[in-house]
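Enquirer: The following comprises the amino acid sequence and a computationally predicted model.
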Amino acid sequence: MSTLNGLKLVVSKKQLHASPIVIRRNKLISKLHEQLELCEAQREGKTYAPVRLKTYVNKATGERMTAEVAKRVKEWFWVSNENNKINLAVKYGAKTLMLNKKSKANAIELASGDELISTLKALKVAVANGELDEAIAEVSEATRLAFGK
């Protein structure tokens, strides 16, 4: 018992669910990580195809089977025709986030692939710090209202 006396004992309860804000941040961070992996693979001349598990029912036997299937990752970036710059749009689900409400900016203009990779890394940090919470909440609310029609 002398060991327990030397410890600080408290009454605590484990939190079962994270707050919706944290869940949304983590979702966007994981999608930014996918985009980062995609960019790095393209820079090295490789293809990036993460796998996911798909469960289906075998029609012949009727048993449930699980198979690894390549996941499709859509690029959030493209090369602009006017000035040959790379544009990056940050998406939450299928919707593009409004990055600046005043100018209604929805994309980031970049000069090179290396700048794209560094910008994606900076965006991951910004999302973790909560800088895009307002934009994420706005898009999330619009999506939620669309289901209520």
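Expert: That came through fine.
Enquirer: that's a helix at C39, yeah?
Expert: Yes: C39 sits within a helix when classified using DSSP: H, G, I helix; E, B strand; the rest coil.
Enquirer: Quick check: it touching G113?
Expert: Yes: the pair C39 and G113 passes the contact test of Cβ atoms under 8 Å, sitting 6.6 Å apart. Where you see a C-beta, it was placed from the backbone N, CA and C, and this is true even at glycine.
Enquirer: if you count what's nearby, which of these two comes out ahead?
Expert: Neighbour comparison, C39 and G113: the larger count goes to C39, with 22 against 14 (by other Cβ atoms under 10 Å).
Enquirer: ok, now how distant is that one from I108?
Expert: 13 Å (Cβ to Cβ, to the nearest Å).
Enquirer: and if you look at K59?
Expert: Distance of K59 to I108, given as Cβ to Cβ: 47 Å.
Enquirer: Neighbour count: those two, which is higher?
Expert: With other Cβ under 10 Å as the criterion, K59 and I108 differ in neighbour count, and I108 comes out ahead with 20 against 6.
Enquirer: what about the closest residue to N58 other than its chain neighbours, which helix or strand?
Expert: Once its chain neighbours are removed from consideration, N58 has its nearest residue in M65; the separation is 5.2 Å (Cβ to Cβ, 6 or more residues apart in numbering). Here M65, judged by DSSP states H and E, is contained in strand 64-70.
Enquirer: How about T47?
Expert: Element membership for T47 (DSSP H and E) is empty, with no helix or strand holding it.
Enquirer: Could you pull out the buried residues of whichever strand or helix holds E141?
Expert: Here E141 is covered by helix 133-147, with elements defined by DSSP H and E. Judged by neighbour count (16 or more other Cβ atoms under 10 Å), helix 133-147 contains these buried residues: 135-136, 139-140.
Enquirer: Using CSV, write out every CA atom in that helix.
Expert: Written as CSV, here are the backbone C-alpha positions of helix 133-147 (Å, rounded to 0.1, in the frame of the first residue of the first chain):
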residue,chain,number,x,y,z
ASP,A,133,-13.1,24.7,-38.3
GLU,A,134,-15.5,27.4,-39.4
ALA,A,135,-15.3,26.4,-43.1
ILE,A,136,-15.7,22.7,-42.2
ALA,A,137,-18.8,23.5,-40.1
GLU,A,138,-20.3,25.5,-42.8
VAL,A,139,-19.9,22.8,-45.4
SER,A,140,-21.0,20.1,-43.0
GLU,A,141,-24.2,22.1,-42.1
ALA,A,142,-25.0,22.6,-45.8
THR,A,143,-24.6,18.8,-46.4
ARG,A,144,-26.8,18.0,-43.4
LEU,A,145,-29.5,20.4,-44.6
ALA,A,146,-29.5,18.8,-48.1
PHE,A,147,-30.4,15.5,-46.5
